[in-house]
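Colleague: coords below, sequence missing:
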């Protein structure tokens, strides 16, 4: 058995053009917390975007600075949308990992019943 795990095994198989099935557990063990990190940073970016919107509203209402408020609103929009995208990607990664676990369990049950 190869000592390569996770990404190394995937890239090795892709370079060779191999159609060999990659163990889903090896992929899961390679980056066990990557989707959690994405999700945490996503929520932090979304909170930063919302805080930027409140600062933007304060700048506009209290100081009547339209240009500065507009620039800050643009930056806050990018932060919020970027955070939303990170949360969506992290959720999709978690769903894929759970689906692979379920598929591996069902194939083990089928093999054991034969």
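Modeller: Looks like it arrived, so ask away. All of these numbers come straight from a predicted model, not from anything done at the bench.
Colleague: CA only for contacts and neighbour counts going forward, please
Modeller: Will do.
Colleague: hey, where'd the helices end up in this structure?
Modeller: For the chain, the helices defined by DSSP state H occupy 7-16, 24-30, 34-63, 66-113.
Colleague: Nearest to the spatial middle of the chain, which residue is it?
Modeller: Centroid-nearest residue in the chain: residue 90, 2.9 Å away (criterion: CA atoms, centre = their mean).
Colleague: what about the closest residue to that residue other than its chain neighbours, how many neighbours?
Modeller: Among residues not flanking residue 90 along the chain, residue 35 sits closest, at 4.6 Å (CA to CA, 6 or more residues apart in numbering). A count of nearby residues for residue 35, using other CA atoms under 10 Å, gives 18.
Colleague: ok, now how distant is the residue nearest to the centre of the chain from residue 78?
Modeller: Going from residue 90 to residue 78 by CA to CA, to the nearest Å gives 18 Å.
Colleague: again, but for residue 96
Modeller: For residue 96, the distance to residue 78 - CA to CA - is 27 Å.
Colleague: Dihedrals phi and psi, residue 65?
Modeller: phi -100, psi 100 (degrees, to the nearest 10).
Colleague: Once you drop chain neighbours, what's closest to it?
Modeller: Counting by CA to CA, 6+ apart, residue 59 is the residue found nearest to residue 65 once chain neighbours are left out, at 6.3 Å.
Colleague: coming back round to it: looking at residue 96 and residue 78, which is more packed in?
Modeller: For the pair residue 96 and residue 78, the greater number of neighbours falls to residue 78 (15 against 12), based on other CA under 10 Å.
Colleague: which non-adjacent residue is nearest that one?
Modeller: residue 49 (7.6 Å).
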